[in-house]
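> Got a predicted structure plus its sequence, pasted below:
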Amino acid sequence: MIIVYILIGLAVLAGVYFGVIRKKPDELPAAPGDRAPAAKLPAKEAAKDAAKVDAPEHKAPALQPPPKSQKPLPKPEPTKSESQATAHAETSPAPPSSKGPPSKKEIRALQKGLAATRGGFMARLKALFTGKKEIDPAILEQMEEVMISSDVGVKTAQAILGRLRDRLQKNELSDEDAVWTALRDEAKAILGIGGGGIRVSHKPTVVLLVGVNGVGKTTTIGKLATRAKENKQSVLLAAGDTFRAAAVAQLEVWGKRVEANVVKGKEGADPGAVAFDATNKAKELGVQILFVDTAGRLHTKAPLMDEIKKVKRTIAKAMEGAPHETLLVLDATTGQNALTQAAMFKEAIDLTGIVLTKLDGTAKGGVVLGICDELKLPVRYVGLGERAEDLREFDADEFVEALFGQDASEAAAA
């Protein structure tokens, strides 16, 4: 009997074991937090489950791409006008030119324009010591006479020759080549105080031109405007010479040539008001350069000089810091009178440079040395002819080389 009870108990235990304990894993109830395998779910429920759970894990990058702002985009290329405006706006007064030695073509062009001075002042100077085996101190006295008569100026001539005497005493000027080289060095040191074209440092850059009657202010503005347009710079012209109807008409002709607007007033209008309106117009149009013409005035007449001061103040009211350039236009053919004019204008107003016109029409080109040496004013442009391209940016190295160097005929003879 006991054996029967034992067999029945074993059978019960076996049933429990195989019926409950050894039940298949996929038939067991899911543990909390576990999801049932997709294979055992009905098709519709499996699809829903996949959409809710699996899809976000695997398809999120495709359905939710990163915002465009997260991807570094290439910087758009600026337009030509934007590039120029940016470059000019960042340009402060330019450093001295770092370009290489003057080209032969540039030198020949300058020598042609300086032919009168080379054949006059420079030829007389060189004749004093050409062929001399020894340099006599008396020659320096003769050189001083030539320099003064060629409008170099007494002060400048004496300063140059004083330094040459010192070198002569040190036996540094033993022959004509040494003297000529010394003169070149002196000229380069005097003329190298500055130069170059207009610095377009603001938008607009306001350029005021002043000078006495007949020096060529209006023509100079037209030539400067032509150069600016060739450099792809926008330009506005202001007819501030309200006392001379012909000046306004002449500026309008230049305006049509360079396709630039001209701001003008009625005949006899206040030139300060014209300059004020032109400055505001230039700001409104966003032009790069505003050229302001003024009436010719005698440097010896105080009321006229006071008026040009008023024009400058009026421009400053329209734009802080303007005018950014005040250029004095001088006629090279007037010689020492040009030096006197420059001294008077410099005393009255702040000047940023000189435009020396008609240099091709005088044999006394030494005035450029006197202006730079005595007044410490840089020559910015020189006029060597009637064409717009004959108004050249002044470069001391080129100018000295053209003045002192040999031309083609001299080189061939040598």
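Received it, and whenever you're ready, just let me know what you need.

> rest of the way, CA atoms for contacts and neighbours
Noted.

> What is the neighbour count of Gly366?
Neighbourhood size, Gly366 [other Cα atoms under 10 Å]: 26.

> Would you agree it is in contact with Arg118?
No: counting by Cα atoms under 8 Å, Gly366 stays clear of Arg118, with 10.3 Å between them.

> Next up, the contacts around Val382.
Counting by Cα atoms under 8 Å, 6 or more residues apart in numbering, Val382 makes contact with Val355, Leu356, Thr357, Lys358, Leu359, Leu391, Arg392, Glu393, Phe394.

> and those residues, which of them are in strands?
Val355, Leu356, Thr357, Leu391, Arg392, Glu393 (DSSP state E).

> Drop anything exposed from those.
Those of those that meet the buried threshold are Val355, Leu356, Thr357, Leu391, Arg392, Glu393, by 16 or more other Cα atoms under 10 Å.

> Mind giving me the packing neighbours of the strand or helix carrying Thr226?
Following DSSP states H and E, the helix or strand that holds Thr226 is helix 217-230. Where contact means 3 or more Cα pairs under 8 Å, 6 or more residues apart in numbering; DSSP states H and E, helix 217-230 is packed against strand 205-210, strand 235-238, helix 245-258, strand 391-393.

> Make sure Glu172 is indeed in a helix.
No: Glu172 is assigned coil when assessed by DSSP: H, G, I helix; E, B strand; the rest coil, not a helix.

> Next, count neighbours for it.
Neighbour count of Glu172, defined by other Cα under 10 Å: 14.

> what does Glu134 give?
Neighbours around Glu134, by other Cα under 10 Å: 11.

> before we move on, back to that, now, the most widely separated pair of the ones in strands among the contacts of Val382?
Pairwise distances across the ones in strands among the contacts of Val382 (Cα to Cα) peak at 11.8 Å, for the pair Thr357 and Glu393.

> So, low pLDDT: which residues of the stretch 151-300 of the chain?
Across the stretch 151-300 of the chain, the ranges flagged by pLDDT under 70 are 298-300.

> let's go with 90 and repeat that
Scanning the stretch 151-300 of the chain for pLDDT under 90 picks out 174-176, 194-196, 199, 242-245, 266-268, 296-300.

> got the buried residues for stretch 108-126?
Quick answer for stretch 108-126 (16+ other Cα under 10 Å): 108, 110-111, 113-118, 120-122, 124-126.

> Also stretch 219-236?
In terms of neighbour count (16+ other Cα under 10 Å), stretch 219-236 has its buried residues at 219-228, 233-236.

> For that stretch, C-alpha coordinates in PDB please.
This file holds the C-alpha atoms of stretch 219-236, laid out as PDB (Å, rounded to 0.1, in the frame of the first residue of the first chain):
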ATOM      1  CA  THR A 219      39.700 120.800 -64.600                       C
ATOM      2  CA  THR A 220      41.500 118.900 -61.900                       C
ATOM      3  CA  ILE A 221      38.200 117.800 -60.400                       C
ATOM      4  CA  GLY A 222      37.100 116.500 -63.800                       C
ATOM      5  CA  LYS A 223      40.400 114.600 -64.200                       C
ATOM      6  CA  LEU A 224      40.200 113.100 -60.600                       C
ATOM      7  CA  ALA A 225      36.600 112.100 -61.300                       C
ATOM      8  CA  THR A 226      37.700 110.400 -64.500                       C
ATOM      9  CA  ARG A 227      40.400 108.400 -62.600                       C
ATOM     10  CA  ALA A 228      37.900 107.400 -59.900                       C
ATOM     11  CA  LYS A 229      35.400 106.100 -62.400                       C
ATOM     12  CA  GLU A 230      38.100 104.100 -64.100                       C
ATOM     13  CA  ASN A 231      38.800 102.500 -60.700                       C
ATOM     14  CA  LYS A 232      35.100 101.600 -60.500                       C
ATOM     15  CA  GLN A 233      34.400 104.200 -57.800                       C
ATOM     16  CA  SER A 234      31.100 106.100 -57.600                       C
ATOM     17  CA  VAL A 235      31.400 109.900 -57.700                       C
ATOM     18  CA  LEU A 236      29.300 113.000 -57.000                       C
END
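
> No further questions, thank you.
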